[in-house]
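Chemist: structure of the sequence below:
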Amino acid sequence: MRSLAGYLPERPKGRLIVVGAGKASARMAEAVEAAWGPCEGLVITRYGYGRPCQGIEIVEAAHPVPDAAGSEATRRMLDLLRTLGPDDLVLALISGGASALLTAPVEGVGFAEKQAVNSALLASGAPIREMNVVRKHLSRIKGGQLAAAAHPARVHALLISDVPGDDPADIGSGPTVGDTSRPGDALAILGKWNIEVPPSVEDALLDHSGVIDPSDPRLSVTENSIFAAPAQSLAAAAEMAREVGCEVRLLGDALEGEASQLGRDHAELAMAIARDRDPGDAPVLLLSGGELTVTRRGDGIGGPNAEYCLALAIALEGAAGIHAIACDTDGVDGAAEVAGAVIGPNTLTKAREIGVGPYMALALNDAHGFFRAIGDQVVTGPTMTNVNDFRAVLVK
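Modeler: Predicted coordinates:
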C-alpha cells in the first residue's frame, strides 16, 4: 500500500473521519495511519482481513452474504457521518467486497430478506453491474448515500477497483458515487434472472428511490479517486514474463461472462497458438482479468476461477506444454477460502488415477472439490487487496 500515501488529500481544519469497507479497506486504513498517525473512524472488512490500527476501529463481518456484524457496523458508520459539519473531511476507503459489508436495508425490508436476495443474486449468474443495481435500491448507504449522509462535510474517496471497466459507481456498489438507475431497473433485473423475492422487497423497490442522482448538490463536495486497478496487476505480470523471455499477449482486464465458457474459449486459443509455434519460438503467456460468473446448477461452491480452470483443463484434454493459473487477487474464489487453481497437461491424468470425475465436478459446480482432491488448489490466505481476477495461460 505504499502507493496510497501519494493520493491522500490535505488534512482538514476541522474533524477528520476515516470510514471504509471492503476486503482491502483495513490494509488501506493501516496505510493511512502510517502516513497521518492515529485517526478517528470505522472500517468494515471481511473476517480474517483485519489489520492493527492506532485509532480507526476495524470491524470484521461476513462476505459475500452479509451478517449482523456488518449491519450493526454500517448503522454506526451512518450515525458517525451525520455528526459532521462543513469544515470536516471524510476519507472513505472503498474496495471490492464493500457491497456485502455495507449492509443497511431500506425501510420495510428485513435483514434476513436482504441476505436471501444477495444469495440468490450470487447464484444466478448475473454480472456484477446488474447485481449492484439491485443492491443499491435495497440499501440506505449505497449509490451515493454514504456521501450524502456526510453532507455538508467534504468526502474524499480512495478506491481499489475490482470491477470490469473500473467505473467508480460499480466498486462496492458506489457508496460515494451518484447513480441514475431507478427502482424499476432493479425489478427488471430480478425478473431477467428469475429471482423470486418476497412481497416486502418488491414493495420496497416500487416505493423506494433512495439512490442519489449524480447532480444532487450533496455530492458536489465529493471526490472519487481510483488508485489501484486490475490493469496494474496484469502489467506487472507482463513485465516479469518478458524479463524471462516470454511473448506476452494481453487479452483484456475487463473480461466478463460464464467462467466455464471462457475456459473453453481460452483452451481453443491456446491450442491454436501451440499449433503455430516452432520448437525454437519463445513461450507465449496469455494474460487476462475481469470478473467472471458462475450460474449455480449443482451443490458445489462454484468459484469462477476454479471453474474456469476445470473447463480449460477438460477442453485441453492434456495438450502438451500448456499450463494455467486462475486466482482471485483477494485470496477468495467465490465463497471458498481458496484463491483459485492451477492446471497442466497431467491434470486429467491425476484425476483419473484417484477416481475423480472432471465432467461431473463441472456439472455440479464443484471445481473446488476437484482441485482439492488432486492437490492443485492455490491457497494464499487473506491478501489484504482486491484487484479482481488474474488468469495466465502459458503455451510452451
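
Chemist: flag every buried residue along the longest helix seen in the chain.
Modeler: In the chain, taking DSSP state H as the definition, the longest helix is helix 259-276. Neighbour counts over helix 259-276 (16 or more other CB atoms under 10 Å) mark 259-260, 262-267, 269-271, 273-274 as buried. For the C-beta atoms, the positions are set from N, CA and C on the backbone; glycine is no exception.

Chemist: over to stretch 142-158?
Modeler: 142-151, 153-158.

Chemist: go on, stretch 112-122?
Modeler: 113, 114, 115, 116, 117, 118, 119, 120, 121, 122.

Chemist: could you look up the SS state of the third one?
Modeler: Okay, so that is residue 115. helix (DSSP: H, G, I helix; E, B strand; the rest coil).

Chemist: and the contacts of stretch 233-245?
Modeler: Stretch 233-245 has contacts (CB atoms under 8 Å, 6 or more residues apart in numbering) with 248, 250, 253, 282-283, 285, 287-289, 329, 387-388, 390, 392.

Chemist: of these, which belong to strands?
Modeler: Among the contacts of stretch 233-245, DSSP state E puts 248, 250, 285, 287, 288, 289, 390, 392 in strands.

Chemist: which residues in the chain form helices?
Modeler: Taking DSSP H, the helices of the chain run over residues 25-36, 68-81, 98-101, 111-124, 128-137, 145-150, 183-192, 199-207, 230-243, 259-276, 304-316, 347-354, 358-363, 367-374.

Chemist: what about these, which gets the closest to residue 170?
Modeler: Nearest to residue 170, of all those, is helix 128-137, at 5.6 Å by CB to CB.

Chemist: what sits up against the closest one?
Modeler: With contacts defined as CB under 8 Å, 6+ apart, helix 128-137 is touched by 99, 106, 117-118, 121-122, 142-143, 163-164, 167, 169-170, 173-174, 179, 181, 183, 185-186, 189-190, 192-193, 204-205, 208-211, 256, 291, 293.

Chemist: sorry, back to before: of the buried residues of stretch 142-158, which is the nearest to residue 359?
Modeler: Nearest to residue 359, judged by CB to CB, of these is residue 142 at 39.6 Å.

Chemist: grab the nearest non-local neighbour of the closest one.
Modeler: Spatial nearest neighbour of residue 142, excluding adjacent residues (CB to CB, 6 or more residues apart in numbering): residue 173 at 3.9 Å.

Chemist: and the one you found, how far from residue 297?
Modeler: 27 Å (CB to CB, to the nearest Å).

Chemist: and for residue 46?
Modeler: According to CB to CB, residue 46 stands 27 Å off from residue 297.

Chemist: again with residue 8
Modeler: 46 Å.

Chemist: would you map out the domains in the protein?
Modeler: 2-228, 231-395 (automatic domain parsing).

Chemist: could you dump the ones you listed to CSV with mean pLDDT?
Modeler: Formatted as CSV, these follow (pLDDT from 0 to 100):
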stretch, mean pLDDT
domain 2-228, 94
domain 231-395, 95
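
Chemist: for residue 221, give me phi and psi.
Modeler: With angles defined as degrees, to the nearest 10, residue 221 sits at phi -110, psi 30.

Chemist: follow-up on the earlier one: in this structure the residue nearest to residue 142 contacts residue 96, no?
Modeler: No. Using CB atoms under 8 Å, residue 173 makes no contact with residue 96, being 10.5 Å away.

Chemist: who is residue 284 paired with across the strands?
Modeler: residue 247, residue 395 (DSSP bridges).

Chemist: hmm, back to that, ok, and what's touching the longest helix of the chain?
Modeler: Contacting residues not belonging to helix 259-276 are listed as 251, 255, 284, 286, 288, 292-294, 304-305, 307-312, 314-316, 319-322, 324, 362, 391, 393, 395 [CB under 8 Å, 6+ apart].

Chemist: for residue 44, give me its contacts.
Modeler: If you count contacts by CB under 8 Å, 6+ apart, residue 44 has them with 20-21, 25, 59-61, 70, 73-74, 77, 98, 101-102.

Chemist: repeat the analysis, applying 6 Å as the threshold.
Modeler: 21, 59, 61, 70, 73, 101 (CB atoms under 6 Å, 6 or more residues apart in numbering).

Chemist: what's the answer for residue 108, then?
Modeler: When the contact criterion is CB under 6 Å, 6+ apart, the partners of residue 108 are 200, 204.

Chemist: rerun that using 8 Å as the cut-off
Modeler: So residue 108 contacts 200, 203, 204, 207 (CB under 8 Å, 6+ apart).

Chemist: what's it sitting at in phi/psi?
Modeler: Taking degrees, to the nearest 10 as the convention, residue 108 sits at phi 100, psi -10.

Chemist: ok, and the closest non-adjacent residue to the residue positioned nearest the centre of the chain?
Modeler: In the chain, the centroid-proximal residue (CA atoms, centre = their mean) is residue 96; its distance is 4.1 Å. Leaving aside its sequence neighbours, residue 96 sits nearest to residue 162 (CB to CB, 6+ apart; 3.0 Å).

Chemist: how deep is that neighbour tucked in, by neighbour count?
Modeler: For residue 162, the neighbour count with other CB atoms under 10 Å is 30.

Chemist: pretty sure it contacts residue 290?
Modeler: No. Taking CB under 8 Å as the definition, residue 162 is not a contact partner of residue 290, at 10.1 Å.

Chemist: need the residues touching each of the two.
Modeler: Common contacts of residue 162 and residue 290, defined by CB under 8 Å, 6+ apart, comprise 230, 388.
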